[in-house]
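Chemist: requesting a structural model of the entry that follows:
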Amino acid sequence: MPLAQPDPGVLRRAQAGDERAFSLIVRAYETQVFNYVLRIVNDRSLAEDLTQEVFLRVFQGLPGFSARSLFTTWLFQVTKNRVLDELRASERRPRQSVQLDDMPQLEVVDQPIERAELMEAVWRSLAEMPVDLKLAMLLRDIVGLSYNEIAEALEVTLATVKWRIFKAREHVQLTFAREGLGETGLAPAATAVPHGLPAA
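Modeler: Just a heads-up that it's a prediction; the model follows:
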């Protein structure tokens, strides 16, 4: 389901420096931003710090935000930039990864066992992916941005977004095959080649 946009009045007040209005925006999106960051960096403490830094950057940049793009698109562009900065800075710095059991539950609690196994396999597959594929797939299948919004957030072409998401879902399918799992429960068209793109 696509992310809702903030109330225009709340957004205008936040742009004018109203901290109470900005806190409403933070509460509306902090869970999505945190989960997105956590799935990329695999470190809960670091994800918490980065999420705070993202919203600090958003607060500082809000006066210059224009309606030329959706707020959520801009928010995840800021998020992506901060995460990539961190990944570049920490390439050679060893970090302790969290265990799968420590990751936040993004699915309903009473999901069938088979569905839970599939989702665990998806997270394992994501952990092995190149970051460019991971960024695109999470924005589509977890955050719920459209392909056009993802292209704007990641600052790449629409064709590049489609290709990255296709390759990411292909990676997940290979993980399913390797682990002997079925394909049910994956996002629609997960095995389809995006329109206009060659088969791998």
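
Chemist: got the buried residues for stretch 140-155?
Modeler: 140-143, 145, 147, 149-154 (16 or more other CB atoms under 10 Å). C-beta: built from backbone N, CA, C; applies to glycine.

Chemist: relative to Gly180, which of the residues you listed is nearest.
Modeler: Asp141 (22.3 Å; CB to CB).

Chemist: which other helices and strands contact the worst-scoring helix or strand of the chain on mean pLDDT?
Modeler: Of the helices and strands making up the chain, the lowest-confidence element is helix 113-128, at a mean of 74, by mean pLDDT, DSSP states H and E. The contact analysis (3 or more CB pairs under 8 Å, 6 or more residues apart in numbering; DSSP states H and E) places helix 113-128 against helix 131-138, helix 158-179.

Chemist: list the buried residues of it.
Modeler: Buried, per 16+ other CB under 10 Å, within helix 113-128: 117-122, 125-126.

Chemist: okay, these in a markdown table with distance to Arg178 next?
Modeler: Shown next, in a markdown table, are the buried residues of helix 113-128 (distance: CB to CB, whole Å):
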| residue | distance to Arg178 |
| --- | --- |
| Glu117 | 14 |
| Leu118 | 13 |
| Met119 | 16 |
| Glu120 | 14 |
| Ala121 | 9 |
| Val122 | 13 |
| Ser125 | 9 |
| Leu126 | 14 |
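
Chemist: for the helices and strands packed on helix 113-128, give me TSV that also has distance to Ala4 and mean pLDDT.
Modeler: Shown next, in TSV, are these (distance: least, CB to CB, whole Å; pLDDT from 0 to 100):
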stretch	distance to Ala4	mean pLDDT
helix 131-138	18	90
helix 158-179	22	88
